[in-house]
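*Asks:* give the three-dimensional model of this entry:
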Amino acid sequence: MKYMLLIYNDPEQQPDYGTEAFDAMMQGFFAANDKMKADGVLVDGESLTEPKTATSVRVKEGKTETMDGPFAETREYLGGYYIVDVPNLDAAISYAELIPSTKWGTVEVRALMDYNPAGN
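*Replies:* Numbering: from 1, shown residues only. Alright, predicted model coming up:
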């Protein structure tokens with residue numbers, strides 16, 4: 001079963017770019033990547049650009065509305081994701097625990113629905 005590990009970061013608590021703590025955090029991400037690859041469970045994963053680069057889209061009464069930035073008003077922002085293919089939720093959680101953001105943010109684990117819109 002495929003699970004998405006959604007990485008939410010709190011910018012006030014995460015290490016600052018260019019610091020030793022930031023470098024250690026990145027090493028943690030590299031280690032998580034290597035473990036998931038070695039275990040053959042990594043399907044995909046990527047970091048996202050900063051929330052200020054987002055555009056949110058809504059359609060209200062047939063009219064498309066766009067807003068600059070993320071929709072949610074929260075301190076934490078969606079910073080990236082992994083998709084893993086594992087037997088069950090417990091296994092997905094075990095990989096989520098490897099992600100450094102669990103120390104200052106949240107990693108949400110959600111099963112993917114298999115609607116296969118790409119037709120593959």
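*Asks:* hey, which helix or strand in this structure has the poorest pLDDT?
*Replies:* strand 55-60 (a mean of 85; mean pLDDT, DSSP states H and E).
*Asks:* what is the longest helix of the protein by residue count?
*Replies:* Criterion DSSP state H: the longest helix present in the chain is helix 20-38.
*Asks:* quick one: residues in contact with that one.
*Replies:* 14-16, 42, 45, 82, 84, 95, 98-100 (Cβ atoms under 8 Å, 6 or more residues apart in numbering). (Each C-beta comes from the backbone N, C-alpha and C, glycine too.)
*Asks:* give the contact list for Asn88.
*Replies:* Asn88 makes contact with Met1 under the criterion Cβ under 8 Å, 6+ apart.
*Asks:* can you pull the pLDDT of it?
*Replies:* Listed pLDDT for Asn88 reads 95.
*Asks:* got the contact list for the spatially most central residue of the chain?
*Replies:* The centre of the chain sits closest to Tyr81, judged by Cα atoms, centre = their mean, with a distance of 2.5 Å. Applying Cβ under 8 Å, 6+ apart to Tyr81 gives the contacts 4-7, 44-46, 48.
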